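>>> how would this look folded up:
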Amino acid sequence: MNQATPGVCPDKILGLPSWCSGHPHMKPWDDGFLPSGAESSAKGWMIVDQPRASRGLFRVTEDAISEDLAAKLYLSAVEVRVWGVYILKSEIFDKSLTEFPPTKEDHERHTLALHTIREFLVQSSPLLPQDWEQTHGVVVWVITSDTNDVVAYHMDYAEMFRYQTNVVYPPMYSGTLHVTRFRDENERNAMQGGDFYAYECGLDHYKVHGYKAMLKPISEEGQRVVTYKYRRGILVDGNFPHGSTPVTALPPSTKRVVVGLNVFNHEIGPHAQAYPEHSQKFNKYVKVAQAAAASTKDVVLSIDTIRKNPKQAALLRFLLRKAKEKQLV
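Here you go, the predicted structure:
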């Protein structure tokens with residue numbers, strides 16, 4: 001597989017990178033969604049049949065991580081509601097690395113993510129050596145849910161790359177961890193909904209239903225459901241569309257916390273690393289770029305065009321100032 005060039009420049013609207021030309025796994029694809037960061041004429045594409053050793057994987061693991069780590073992840077999540085970081089494979093297998101230094105941004109979250117990957121993806125050996133050879137790194141994020149929250153039907157993919165190019169590049173594998181602890185069975189039963197589901201027919205299902213089921217509503221037919229359970233881990237093929245059912249009830253003062261993981265290969269990994277999904281950096285960029293796209297319509301923002309167009313530069317400064325006022329940057 002071709003290697004992506006490090007040094008991704010995410011601060012402008014990108015055309016397709018050179019490695020996309022003649023890509024053997026890149027197929028035309030329309031899932032009904034055009035990201036506002038991509039050019040209005042950008043065609044949709046999907047990376048299909050990427051190399052991985054365990055195609056069709058659907059593995060459920062009980063006690064997938066330690067109670068201590070689950071507790072730390074839960075507290076970290078409810079503190080800020082959502083966060084995301086990227087951990088390199090070289091860091092995962094560096095035996096001398098037990099925690100990231102304070103000089104690293106979000107070092108505590110990086111350390112939590114590092115140990116999450118090691119406990120869930122390394123110690124129980126769900127991935128074969130061939131998969132780790134293909135792996136560039138792993139995105140880890142946490143999401144906190146309240147009553148009435150739902151995760152819509154979707155595909156995991158390198159989100160910033162999709163946002164800028166309209167190319168859907170799924171991870172090799174997608175993982176989910178449940179880290180909300182219930183004091184007893186009564187409290188566990190007080191939580192209703194929030195179950196994970198996935199479709200094992202993969203991209204064939206997504207081709208029909210599209211982005212957040214915009215092309216056709218989904219049904220329970222062919223749906224594999226896994227209920228929410230403390231320290232349960234789920235690892236599936238990255239081509240499986242999935243989501244979670246609405247959270248209809250929760251015990252008092254309790255949040256439903258899920259940890260997500262995406263395993264990316266060497267080609268797309270550097271793009272995911274530049275702006276990890278659900279990170280503050282990613283969310284700020286998207287909000288500013290959405291505002292820019294809405295204001296400029298078909299005008300593509302780039303460093304060169306901004307330099308050549310003072311009015312466009314003034315617009316960008318205005319958007320950034322408004323974003324700062326709203327505490328988006």
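>>> hey, let's count contacts and neighbours off CA atoms from now on
Fine.
>>> shaky segments in the stretch 1-150 of the chain?
Scanning the stretch 1-150 of the chain with the threshold set as pLDDT under 70 gives 1-15, 37, 40-41.
>>> how about the helices of it, start to end?
Assignment of helices within the stretch 1-150 of the chain using DSSP state H, counting those that start in this stretch yields the ranges 67-80, 89-92, 107-117, 129-134.
>>> count the residues that sit near Arg81.
Arg81: 15 surrounding residues under other Cα atoms under 10 Å.
>>> who's in contact with Met191?
Counting by Cα atoms under 8 Å, 6 or more residues apart in numbering, Met191 touches Val247, Thr248, Ala249, Leu250, Pro251.
>>> residues in contact with the last one?
It refers to Pro251. Glu187, Arg188, Ala190, Met191.
>>> sec struct for the second one, please.
Following DSSP: H, G, I helix; E, B strand; the rest coil, we place Arg188 in the helix state.
>>> before we move on, which element is the residue lying closest to it once chain neighbours are set aside in?
The shortest distance from Arg188 to any non-neighbouring residue, by Cα to Cα, 6 or more residues apart in numbering, is to Phe182 (5.4 Å). Secondary structure assigned from DSSP states H and E places Phe182 in neither a helix nor a strand.
>>> count the neighbours of Phe182 for me.
Counted with other Cα under 10 Å, Phe182 comes out at 16.
>>> same check, this time on the one 3 residues further on
Glu185 is surrounded by 8 other residues when neighbours are defined as other Cα under 10 Å.
>>> pLDDT score assigned to it?
On pLDDT, Glu185 comes in at 85.
>>> tell me the contacts of the spatially closest residue to Ile117 that is not a sequence neighbour?
Spatial nearest neighbour of Ile117, excluding adjacent residues (Cα to Cα, 6+ apart): Ile92 at 7.4 Å. The contact partners of Ile92, by Cα under 8 Å, 6+ apart, come to Leu114, Ile117, Arg118.
>>> hmm, which of those are the buried ones?
Burial by neighbour count, 16 or more other Cα atoms under 10 Å: within the contacts of Ile92 this picks out Leu114, Ile117.
>>> could the contacts of Ile92 be laid out in JSON lines, adding distance to Leu97?
What follows is the contacts of Ile92, written out as JSON lines (distance: Cα to Cα, whole Å):
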{"residue": "Leu114", "distance to Leu97": "9"}
{"residue": "Ile117", "distance to Leu97": "13"}
{"residue": "Arg118", "distance to Leu97": "12"}
